[in-house]
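A.B. asks: Build me a model:
(4 chains)
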There are 2 protein chains.
Amino acid sequence: MKPNQIDNAWQAASKCEQCAIRHLVLFANLTKDDFDYLHQPIKELHLNVGETLYNQGDEPNALYTVRSGLVKLVSYLSDGSFRIIRILKQGDIVGLEALDNKAYLHHAVILKTASFCRLPVEDIKSLNTHSPHLFTQLTARWQQTMSDADIWLTILTKGFAKQRVAYLLLHLAEKTETESCYVPNREDMGGILAITTETASRIIAEFKRDRIISFLSPHLATIDKKKLLVITHGKNHDA
Amino acid sequence: MKPNQIDNAWQAASKCEQCAIRHLVLFANLTKDDFDYLHQPIKELHLNVGETLYNQGDEPNALYTVRSGLVKLVSYLSDGSFRIIRILKQGDIVGLEALDNKAYLHHAVILKTASFCRLPVEDIKSLNTHSPHLFTQLTARWQQTMSDADIWLTILTKGFAKQRVAYLLLHLAEKTETESCYVPNREDMGGILAITTETASRIIAEFKRDRIISFLSPHLATIDKKKLLVITHGKNHDA
DNA sequence: GCCGATGATTGATAATTATCAATTACAGCC
DNA sequence: GGCTGTAATTGATAATTATCAATCATCGGC
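C.D. replies: You can find the predicted model right below:
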């Protein structure tokens, strides 16, 4: 290793330590010594809406921490249709499967302009071998991913399309700090909820008429959580 | 530690090393030395159909390897309905969330008489800290769990009830060594596919009439994979 | 062999959703 | 401002599924 490479790594490390969202990310409980095992500087990536972080089947050599923005994980089925497997937000890890040296399982596509930290697989592995601090976080991340998958299953599963849309909006609202909430386009909502674009559109249109949702911009809206919760719970018998 | 405890651990360890399905399980690539870190003997558990390995919310102090049988992971929703999150078979790990010290996320209920190895969380953690061999396997297991969850999502997601039932049967057939395949009762099929018991029943009855499935016993049947695959792909326009 | 209980099946009907086909809204661009 | 392409919405209809309600099978126990 050349000295300047090490310097770079150190720089990156010290940057990591000062990271504003460090409490949210994989490196949350590393010590200063642990950063020695990062042999490359941690690079930051910026991507715009519609761009791709990686594709299904790509050889995985890094995982990514979402610093800001939103990312969807998309899986294409044999019949050409697609499903959205999960939506990831600040602090989430994308591409955890890289650690298992398997090809990426999904396409990772930007929904809302996003920035990432790129964590090379080899560094993560060596860090894990030499220091025990990462393991706890990795465990927590896997855990997080699994329970997210469970929530996704629940959304898909619970009741009729209208209830599912309501549940999805509430779930998306949890992913935002502010009062406004990201609303996917109708096709993507269909891809998440296993309904057609038209059904998604009809329901959102109805919600708009009922003042349950108000759009501030094409993909940003405020929602009436109380009403949505009622809808989630079952059928409401009012006009 | 008392000598006899150590002896017990060693015994268990040497048993693990001779385990007939060791290539399938979490300890697949441990060395003899690694087993030193198991401070309790690995206990084996046998449970019958309908019995519970653990309940949602239980304090988790162990994970389990399925040695034989089938287990369903069940999650109850706020409205009293339930969903089956996954079905686990030989070699799979149950209760991986225990490593994160979180309560178990599901109920684990026996579908087909099963035996388990009980792996205490503390042992797994200490083993992981002291030896690098477990990490690879744990990674692989998490990975496995995630891609299983993906498949589950796909099953739930792809097309109409009939297609989903077909897909489920094919998936269950993969979980069996023999030609015959475990078929859940209609209520459980509903819990997996997010359809009603009646719909599940109608479809299975139709499959029976069409000789796509033939029951050998209430929960065991041979299936015509080719026909099921056709159904999976979309609608078939024959009587 | 009979009984009771549980699960599976079937029927009739209403509610929900997909499908096909326009139409409308809107942003970007010349 | 008009044009164009994309996304959203709406309508009409058929297909699918839920719901409610019986009926049928089967298995264990007596």
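A.B. asks: Tell me the predicted confidence for residue A:176.
C.D. replies: At residue A:176, the model reports a pLDDT of 74.
A.B. asks: Likewise for residue A:233?
C.D. replies: So residue A:233 comes in at 84 (pLDDT).
A.B. asks: List the residues that contact it.
C.D. replies: Residues in contact with residue A:233 (Cβ atoms under 8 Å, 6 or more residues apart in numbering or on different chains) are B:78-79. Using the backbone N, CA and C atoms, a C-beta is placed for each residue, glycine as well.
A.B. asks: just residue A:49 next, same as before
C.D. replies: With Cβ under 8 Å, 6+ apart, residue A:49 has these contacts: A:110-113.
A.B. asks: Of these, select the buried ones using a ChimeraX command.
C.D. replies: In ChimeraX, selecting the buried portion of the contacts of residue A:49, with burial taken from 16 or more other Cβ atoms under 10 Å in any protein chain shown, looks like this:
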select /A:110,111,112
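A.B. asks: For the contacts of residue A:49, work out which two are farthest apart.
C.D. replies: Using Cβ to Cβ, the contacts of residue A:49 span at most 9.0 Å, a distance reached by A:111 and A:113.
A.B. asks: who touches both of these two?
C.D. replies: Contacts common to residue A:111 and residue A:113, judged by Cβ under 8 Å, 6+ apart, are A:49, A:69.
A.B. asks: wait, doesn't residue A:32 sit right on residue A:38?
C.D. replies: No - distance between residue A:32 and residue A:38: 11.6 Å, which falls outside the contact criterion (Cβ atoms under 8 Å).
A.B. asks: Which one's more surrounded, these two?
C.D. replies: Higher neighbour count among residue A:32 and residue A:38: residue A:38, with 24 against 10, using other Cβ atoms under 10 Å in any protein chain shown.
A.B. asks: Now do the phi/psi pair for that one.
C.D. replies: phi -90, psi 110 (degrees, to the nearest 10).
A.B. asks: quick one: it and residue A:127 touch, right?
C.D. replies: Yes - counting by Cβ under 8 Å, residue A:127 is a contact partner of residue A:38 at 6.8 Å.
A.B. asks: circling back to that earlier point, which among the contacts of residue A:49 gets closest to residue A:161?
C.D. replies: Nearest member of these to residue A:161, counting by Cβ to Cβ, is residue A:111, at 21.3 Å.
A.B. asks: Skipping its backbone neighbours, what lies nearest the closest one in space?
C.D. replies: Nearest residue to residue A:111, sequence neighbours excluded (Cβ to Cβ, 6 or more residues apart in numbering or on different chains): residue A:70, at 4.1 Å.
A.B. asks: Tell me which helix or strand comes right after the helix or strand that neighbour falls within.
C.D. replies: Element membership for residue A:70 (DSSP states H and E) is strand A:62-76. With elements assigned by DSSP H and E, the helix or strand that comes after strand A:62-76 is strand A:82-88.
A.B. asks: Who are the contact partners of residue A:106?
C.D. replies: Contacts of residue A:106 (Cβ under 8 Å, 6+ apart): A:56, A:73-75, A:85.
A.B. asks: My reading is that residue A:142 lies in a helix. Confirm?
C.D. replies: Yes - under DSSP: H, G, I helix; E, B strand; the rest coil, residue A:142 falls within a helix.
A.B. asks: where does chain A dip in pLDDT?
C.D. replies: A:1-14, A:235-239 (pLDDT under 70).
A.B. asks: Show me which residues of it sit near DNA strand D.
C.D. replies: Contact residues (Cβ under 7 Å from any atom of the strand) of chain A with DNA strand D: A:185-187, A:197-198, A:201-202, A:204-206, A:208, A:218.
A.B. asks: so can I have CSV of those residues showing distance to DNA strand C and secondary structure?
C.D. replies: Shown next, in CSV, are these (distance: Cβ to the nearest atom of the strand, whole Å; DSSP: H, G, I helix; E, B strand; the rest coil):
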residue, distance to DNA strand C, secondary structure
A:185, 12, coil
A:186, 11, helix
A:187, 12, helix
A:197, 8, helix
A:198, 4, helix
A:201, 9, helix
A:202, 8, helix
A:204, 13, helix
A:205, 11, helix
A:206, 11, helix
A:208, 11, helix
A:218, 7, coil
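A.B. asks: burial of whichever residue of chain A sits closest to DNA strand D, as a residue count?
C.D. replies: Proximity of chain A to DNA strand D (Cβ to the nearest atom of the strand) peaks at residue A:205, 2.9 Å away. Counted by other Cβ under 10 Å, the residues lying close to residue A:205 total 12.
A.B. asks: looking at the sheet around the residue nearest to the spatial centre of chain A, what are its partners?
C.D. replies: The centroid of chain A falls nearest to residue A:88 when counting by Cα atoms, centre = their mean (0.7 Å). Following DSSP bridges, residue A:88 is listed with bridge partners residue A:71.
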